[in-house]
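Undergrad: give me a model of this one.
(chains A and B)
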Amino acid sequence: MKSSYKYRQAFASGIGVNNPVFVQILGICSTLAVTNVLKNTVVMCAGLVFVTGLSNLTVSVLRQYIPGRVRMMVETLIIAAWVILVDIALRAYLPDISRQLGPYVGLIITNCIVMGRAEAFALSNPPGLSLVDGLASGIGYSYVLLAIAFARELLGSGSIWGFRVLGDWWVNWNLMVMAPGGFFMLALFIWVVKGSFLKEKQEAATGAGKPAQTAPAQTAPAAAGAQGGKS
Amino acid sequence: MSAKQAKQSKLGQSLFTIFFMLAVTVVFISALSLIHVLTRERIQLNEGLVLKTAVLYAAGLAVPTDALEADRLYDRRVREVRDPQGVLRFYEILSPDGEAASYVVPVLGAGLWGEIESVVGIELDLGTLTGIEFVKQNETPGLGARITESWFKEQFRGKRFPLSVVPEREEAGGQEFQAITGATNTVNAVQDILNVRLAEAERVIRER
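TA: All right, here's what the predicted structure looks like:
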């Protein structure tokens, strides 16, 4: 009972309240880079879910043996190994997609989410739970990217999955296909999610802080500090 | 004594750290190398087939979707022409009864972000294009990378070089092709590469 609750919580946190993209603001580089075409985004997301899950699992299995001083080197090695495996698999069995993605697959190594979850979660939790956490972080990352890619491809190319859905009357917004479009869409996404879905959590936090309001001079800097820490 | 012991255990820890790192590295690299060796043949076959189907497409032949059939069609209809050193110069496309029907030349040059590698088919007059296929490119996805879209490649069939550019969705003449909006640098690169390299290829084929 208790452990299944822990699993569910680890899963839900990666998707919602602890989402890597819009709460932790991690993995932004690839969010901006690959989301202009939906097809590339899907493969990138699948690769990332696979790599975060399995690198978390591997780090967790080895966590009792990894010496503290070289833990980051070991983590990087494990992540790189899984990413190279994905790259080889794509080149051998899905050559067309591999050709289209080009350098993006290799860039999963530099995705901060993978390292972040290995460092923050897998090093101090059992393998099963770490696997779930990794998969959840990957899925949390994926649905944000897919939503952004959907909007960017639709507005930027007038198409979805390469098929033209908007008629000839549609003038493509080139801005959407370029990097600034990624910034705008991501900012809008974070704004909407934080404004409407994560509101309750913030209210709860301020509610808990209410008794401290008798000393506003003290809480104000503390709150500012907490906010600075978050970003 | 205890200080000495502490020193020893510290040394032991450092040695363990180094040993651990080495061991992990060896294990992971061996595993990846094994997988690499196991899939190498398949990957090479895939990469070879990419070039073969590209040549067939550029020559204006119907490319079979089945890999083996495409391979067989290539063996039947394409002859690779090499210089005395064995370097590939161009491809001769044979008609069904074995006579030279057209040529396909490899055309490479600098794009916006990296090298653009393509194969271009030309007819026996050495001036009319039968088609183009991009084998390798690293242009911006959604902008420059649209050179690999079908409409962009198909428009080259029957055009004569030297080529120039007209805006996207505008009527293009016999020596013009449509650009891609927002990808001016890539399109200009394609235009320059084609004009320079095709003139060179024309000379090479005539010299033979």
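Undergrad: how about the closest residue to B:A145 other than its chain neighbours, phi and psi?
TA: With Cβ to Cβ, 6 or more residues apart in numbering or on different chains as the criterion, B:A145 has its nearest non-adjacent residue at 4.6 Å, and that residue is B:E139. Every C-beta, even on glycine, is put in place using the N, C-alpha and C of the backbone. Per-residue torsions, B:E139: phi -80, psi 170 (degrees, to the nearest 10).
Undergrad: enumerate every residue touching B:E139.
TA: By Cβ atoms under 8 Å, 6 or more residues apart in numbering or on different chains, B:E139 lies in contact with B:G111, B:L112, B:W113, B:G114, B:I116, B:A145, B:I147, B:A183, B:T186.
Undergrad: in contact with the second one, which residues?
TA: Spelled out, it's B:L112. With contact set as Cβ under 8 Å, 6+ apart, B:L112 has these partners: B:E139, B:T140, B:G144, B:A183, B:N185, B:T186, B:A189.
Undergrad: what's the local residue count around the last one?
TA: Read it as B:A189. A count of nearby residues for B:A189, using other Cβ atoms under 10 Å in any protein chain shown, gives 21.
Undergrad: mean confidence score for the helix or strand encompassing it?
TA: Assigned by DSSP states H and E, B:A189 falls within helix B:184-207. Per-residue confidence for helix B:184-207 averages out to 92 on the pLDDT scale.
Undergrad: just the CA atoms of it, as PDB, please.
TA: The C-alpha trace of helix B:184-207 is given here as PDB (Å, rounded to 0.1, in the frame of the first residue of the first chain):
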ATOM      1  CA  THR B 184      17.200  32.600 -48.400                       C
ATOM      2  CA  ASN B 185      20.700  31.600 -47.400                       C
ATOM      3  CA  THR B 186      20.100  27.900 -47.900                       C
ATOM      4  CA  VAL B 187      18.400  28.500 -51.300                       C
ATOM      5  CA  ASN B 188      21.200  30.800 -52.500                       C
ATOM      6  CA  ALA B 189      23.700  28.100 -51.400                       C
ATOM      7  CA  VAL B 190      21.800  25.400 -53.400                       C
ATOM      8  CA  GLN B 191      21.700  27.700 -56.400                       C
ATOM      9  CA  ASP B 192      25.400  28.500 -56.300                       C
ATOM     10  CA  ILE B 193      26.400  24.800 -55.600                       C
ATOM     11  CA  LEU B 194      24.300  23.600 -58.500                       C
ATOM     12  CA  ASN B 195      25.600  26.200 -61.000                       C
ATOM     13  CA  VAL B 196      29.200  25.800 -60.200                       C
ATOM     14  CA  ARG B 197      29.300  22.000 -59.700                       C
ATOM     15  CA  LEU B 198      27.200  21.200 -62.700                       C
ATOM     16  CA  ALA B 199      29.500  23.300 -65.000                       C
ATOM     17  CA  GLU B 200      32.400  21.300 -63.600                       C
ATOM     18  CA  ALA B 201      30.600  18.000 -64.100                       C
ATOM     19  CA  GLU B 202      29.800  18.900 -67.700                       C
ATOM     20  CA  ARG B 203      33.500  19.300 -68.300                       C
ATOM     21  CA  VAL B 204      34.400  16.100 -66.600                       C
ATOM     22  CA  ILE B 205      31.800  14.100 -68.600                       C
ATOM     23  CA  ARG B 206      32.900  15.700 -71.900                       C
ATOM     24  CA  GLU B 207      36.600  14.900 -71.200                       C
END
